[in-house]
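[1] please work out how this folds:
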Amino acid sequence: MIVLTRFRRSDRGISELQGSLVLLAVILVAALVLKSAIGDNIAAAALDFGGFKAWGARNDVSFEENAPIVAITEPADGSRFYADRYTSISGTVRTAPGRNASLVYFRLNGGPWKKAELAGNSWTSSSRRYLEGSYHVEAVAYDDHGDRSPEASGTFETIFRPYPDAVLVGDDVPDTMTAGDPYAVHITYSNTGYLPWNDTAGYTLSPNGSTIALPSIGMGGASVQPHQGHSFELTLTAPAAGDYTIGYRMYCPEFGRFGDEFSKPVRVVSSYHDASVVSLNMPDEMTSGETRTVTITMRNTGTAAWFASGSDPVYLAMVDGTSGDAYHFNGTSDRILMTPGTVVRNGNDYTFTFTIKAPAAGSYYTQYRMMWSNHYLFGQIAGHTITVKAVPTPTPTPTPTPGPTSNPPGPVSPTPTPVAQYNAHGKMTLKYYTGEEYRGPLRYYYDGPLGNHFERSSRGASDDSSPTWDWDIGGPNGHYSIYNDVDHYSGGLQFEMDNGGNKGKVIFYKN
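    Residues are numbered from 1 along each chain as shown. Coordinates of the predicted model:
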């Protein structure tokens, strides 16, 4: 009876052990299923799960023979470095043949587990600064069979020293620029470090990750103390059309690059000039010799900016120059200039304010149009008819004398209705059949509503890298044809004026 009792107790113990093993197997399988079905966060949470840890950092279950091995390589165990250094916690994973690393977690000073970035058998955390102090690093890895590695651990220490830092405050760099146009831009940073910025210590805003060639920008004699801001100014010329990135970051020789990065995508578009009339304030009638102040407001509808200064300024011109009706109201110049230093970019307006003086009696159709100096007229014409009356003079009453009845005055010729004029423009080039491109100006001819076979010449090479030249034709709406039947070029262009604007590229070919 005693023997039977012992046997039953032993049998009951074996049953309990078997039950525990089954429970363990269920927990392991459940953890694997949860990890696969729900995601990586389950594995991270399991590292801190209760007493028994299927995925735990202190798992009582012995590690599989094929379990992965994780190592911490950076920072090196026992290393000491300055707290201002940007550091990544990183390392490697070694796996059994036919297996791959699937997850790596790390933690600092017993804190929460964080998932590392895994690339092949290498892992890393994001780069950051670590405050002054001592740090204990732990890491654990899993392979694609669900096996967990033994923990790896290491230590490092950071030491404080005064260091520079910077926070990006803002900028006025435009998202879109026009090829060849200059831009004055500003990038503002705040000094959030412990050291002043100055030229003596070599502080600059330095190019960083930019796809446009940019200069470093010095402090310009300024000394920027901690908690102060500074705006760096740069004048840059937009490159050829395309997509670019403008990138900068603070730099000094002792600490290298530091602080926030400035990175901005910029689209550069092709350059062309165009304009529309916004408003025109001119009198309908004047008396000969009378003066008036008038205004014409024009809007930049092209991509190229209008610059009042420089070698090729933009101004408001009198159509037909000194022979046009508008010139009779000025008589000293056929152009109205913008205020020096003015820059009018796409979508912006400029109001020209000037004084006119009425000429001799008559009817005049004054016309004004934007002009790119040394290139061409462009945009809509601002036209207005002004009737000038003679100054009345008192005369004595004549003594009536008999005589033949005078003939009645003839009919007055009606004032012609002005026809709106526009400007079409584009690019022009000549190619030989060998593929070579001619780099000089071109003679061309055009037909339009006002007649046929008008001769003109292209002008204004676009840039050194492209021998394409500019063409422009003025006139009313209607059908136009560009060709060259004198030099026997093939090719050309047909277009509708349709209120003017950019009509495309003319390509001539020559044997």
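[2] can you give me the buried ones in stretch 323-339?
    For stretch 323-339, the neighbour count (16 or more other CB atoms under 10 Å) marks 324, 325, 326, 327, 328, 329, 330, 334, 336, 338 as buried. Just so you know, the C-beta spots here come from the backbone N, C-alpha and C atoms, and that holds for glycine as well.
[3] ok, and what's touching that stretch?
    Stretch 323-339 is touched from outside by 296, 306, 308, 313-322, 344, 350, 352, 354, 356-359, 364-368, 371, 386, with contacts defined as CB atoms under 8 Å, 6 or more residues apart in numbering.
[4] report the lowest-confidence entry in the buried residues of stretch 323-339.
    Within the set of the buried residues of stretch 323-339, pLDDT is lowest for residue 330 (85).
[5] quick one: that one from residue 383, how far?
    Residue 330 sits 16 Å away from residue 383, taking CB to CB, to the nearest Å as the criterion.
[6] so where's the stretch 1-150 of the chain shaky on pLDDT?
    Applying pLDDT under 70 to the stretch 1-150 of the chain picks out residues 1-63.
[7] as a check, name the ranges of all strands in it.
    Per DSSP state E, counting those that start in this stretch, the stretch 1-150 of the chain carries strands over the ranges 69-74, 79-82, 90-94, 101-108, 114-115, 117-119, 122-124, 133-143.
[8] tell me the buried residues within the contacts of stretch 323-339.
    By 16+ other CB under 10 Å, the contacts of stretch 323-339 give 296, 306, 308, 313-319, 344, 350, 352, 354, 356, 358-359, 364-368, 371, 386 as buried.
[9] burial measure for residue 111, as a count.
    Residues within reach of residue 111, counting by other CB atoms under 10 Å, total 10.
[10] got it, and residue 121?
    16.
[11] can you check residue 190 too?
    Neighbour tally, residue 190, other CB under 10 Å: 19.
[12] doesn't it belong to a helix?
    No: counting by DSSP: H, G, I helix; E, B strand; the rest coil, residue 190 is not part of a helix but strand.
[13] next, the distance between the ends of stretch 86-104.
    21 Å (CA to CA, to the nearest Å).
[14] what's the spacing between that stretch and its chain's center?
    40 Å (CA atoms, centre = their mean, to the nearest Å).
[15] before we move on, what about stretch 375-390?
    38 Å.
[16] nearest to residue 262, of the buried residues of stretch 323-339?
    Using CB to CB, the shortest approach to residue 262 within the buried residues of stretch 323-339 belongs to residue 338, at 32.7 Å.
[17] and that closest one, how far from residue 472?
    Using CB to CB, residue 338 is found at 21 Å from residue 472.
[18] ditto for residue 381
    Taking CB to CB as the measure, residue 381 falls 13 Å from residue 472.
[19] so what does the strand or helix carrying residue 472 touch, helix or strand wise?
    Taking DSSP states H and E as the definition, residue 472 sits inside strand 469-475. In terms of contacts (3 or more CB pairs under 8 Å, 6 or more residues apart in numbering; DSSP states H and E), strand 469-475 is packed against strand 376-389, strand 422-432, strand 443-448, strand 479-483.
[20] in JSON lines: these, plus distance to residue 493 and mean pLDDT.
    Listed next are the helices and strands packed on strand 469-475 as JSON lines, based on distance: least, CB to CB, whole Å; pLDDT from 0 to 100:
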{"stretch": "strand 376-389", "distance to residue 493": "16", "mean pLDDT": "94"}
{"stretch": "strand 422-432", "distance to residue 493": "8", "mean pLDDT": "85"}
{"stretch": "strand 443-448", "distance to residue 493": "9", "mean pLDDT": "88"}
{"stretch": "strand 479-483", "distance to residue 493": "5", "mean pLDDT": "90"}
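[21] could you dump these into TSV with distance to residue 70 added?
    TSV is the format used below for those (distance: least, CB to CB, whole Å):
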stretch	distance to residue 70
strand 376-389	69
strand 422-432	62
strand 443-448	74
strand 479-483	73
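[22] give the contact list for residue 198.
    Contact partners of residue 198, counting by CB under 8 Å, 6+ apart, are 219, 222, 223, 224.
[23] among those residues, name the ones in helices.
    Assigned to helices by DSSP state H, none of the contacts of residue 198 qualify.
[24] remind me which residues of the stretch 401-511 of the chain are low pLDDT?
    The stretch 401-511 of the chain contains residues with pLDDT under 70 at 401-419, 459-468.
[25] same deal with the stretch 201-350 of the chain?
    Along the stretch 201-350 of the chain, no part satisfies pLDDT under 70.
[26] great, nothing more from me.
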